[in-house]
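Peer 1: Provided below for reference: sequence and predicted model.
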Amino acid sequence: MRAVLLAALLLSGCSPVYVYKAWRGQARLMSARRPIEKVLADPAADAATKRKLELVLDVRRYAFETIGIPKTGNYSEYSKVDGPAVSWVVSGSKRTALEPKTWWFPFVGSVPYKGFFDKADAEAENAALEKDGWDAFYGGVSAYSTLRWFQDPVLSTMLEQPDGALAEVLIHELTHTALFFKSQVDFNEALATYVGETACRRFLAARYGADSKELAQYLKSLEEQEARSKLLDELYAELDALYKSPASDAEKLEKRTPIFERCAKRLGYKKLNNAVLLSQRRYRYDLSDFRRAHEKAGNDWRKFLDAMKALDRRSPREDLKRRLDGTRN
């Protein structure tokens, strides 16, 4: 328990109350852990949970043996979570510029979101941001990574997803344990998304077959995500042009309203503002450079990850483009 508190203090840098609540929430998860092997051997455990946990073990092996992600104890244990989400994440943005609100934490640096284990705390933070003049957004998440500070367990919220989505999120989060650039959240998330999606397609084909319903269902979900990403990119470009125009702030706020209303309807979002746009867009923004780098590495995962590790840690996205284009100094 003392180690959990120490890590929370190291990773937080926020108020004592925030630190305590983060420690309490993490400790609750850690204390509820059970080794997956014990759950699989438990006659009282339901068949659906066992099937998903067997899938988890297969994904871990694939990540470690095929992708080359350094082996850890992450996702070798299981924790049951009450409610639809394990935590709640708050994001903010300027209202007349696509610039995120950021928080600073030791070791991870500047990040464009803040997490809470209590939904009421997330709602309060969201309301405080709006009161201070920010666009704000909060939502529940089914999984997160502590970047090897803790041995992250598989959560019951994760098992509610289809097989493809579960495999992808596991590979995504494990990628964070292999490679993480301080204060480069957008790059980290896009990289993990590329690895998660690309490796998941191959894993599903290997486990279930190229003509399986599991792979077909996952590929369909990727097509839907691609279409949504295209709309988000178009929205970003339209708003960016508006915000950089000579119009007054009042005019910009007036003109953006019908833009958000139109796009929210197309995307099926109940709420859409700058904070929502930035939080949704970062995961799949410009994955083409990762694809190019992977092809340059002969589609060898280990060579690809080594190439990513060699990037300039202060500006990995820019360095990657320079290396791919042959303009690196």
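Peer 2: Sure thing, it's come through.
Peer 1: ok, the spatially most central residue of the chain - contacts?
Peer 2: Closest residue to the average C-alpha location of the chain: residue 189 at 5.6 Å, with C-alpha atoms, centre = their mean. Residue 189 sits next to 282, 283 when contact means C-beta atoms under 8 Å, 6 or more residues apart in numbering. For glycine as for every other residue, the C-beta is placed from the backbone atoms N, C-alpha and C.
Peer 1: swap in residue 317?
Peer 2: Going by C-beta under 8 Å, 6+ apart, residue 317 touches 184, 186, 187, 289.
Peer 1: Likewise for residue 167?
Peer 2: Contacts of residue 167 by C-beta under 8 Å, 6+ apart are 55, 59, 200, 203, 204.
Peer 1: Return the set of buried residues in the helix or strand the third one falls within.
Peer 2: Assigned by DSSP states H and E, residue 200 belongs to helix 185-208. Applying a neighbour-count criterion of 16 or more other C-beta atoms under 10 Å, one finds 185-201, 203-205, 207-208 buried in helix 185-208.
Peer 1: and if you look at stretch 239-251?
Peer 2: In stretch 239-251, counting by 16+ other C-beta under 10 Å, buried: 239, 242, 243.
Peer 1: what helix or strand is residue 125 on?
Peer 2: Using DSSP H and E, residue 125 sits in helix 119-131.
Peer 1: Which other helices and strands does that helix contact?
Peer 2: Helices and strands touching helix 119-131, by 3 or more C-beta pairs under 8 Å, 6 or more residues apart in numbering; DSSP states H and E, are strand 87-93, strand 114-116, strand 135-141.
Peer 1: List the contacts of the closest residue to residue 219 other than its chain neighbours.
Peer 2: Nearest residue to residue 219 in three dimensions, chain neighbours excluded: residue 201, at 7.2 Å (C-beta to C-beta, 6 or more residues apart in numbering). Going by C-beta under 8 Å, 6+ apart, residue 201 touches 215, 218, 219, 222.
Peer 1: which of these are buried?
Peer 2: 215, 218.
Peer 1: I'd like to know which of the contacts of residue 201 is nearest to residue 72.
Peer 2: residue 218 (25.0 Å; C-beta to C-beta).
Peer 1: ok, and for whichever strand or helix holds that closest one, which residues are buried?
Peer 2: In the assignment (DSSP H and E), residue 218 maps to helix 213-243. Using 16+ other C-beta under 10 Å as the burial criterion, the residues of helix 213-243 that qualify are 214, 215, 218, 228, 229, 232, 235, 236, 239, 242, 243.
Peer 1: Apart from its chain neighbours, what residue comes closest to the first one?
Peer 2: When you say that, I think you mean residue 214. Nearest residue to residue 214 in three dimensions, chain neighbours excluded: residue 208, at 4.5 Å (C-beta to C-beta, 6+ apart).
Peer 1: Cool, thanks, signing off.
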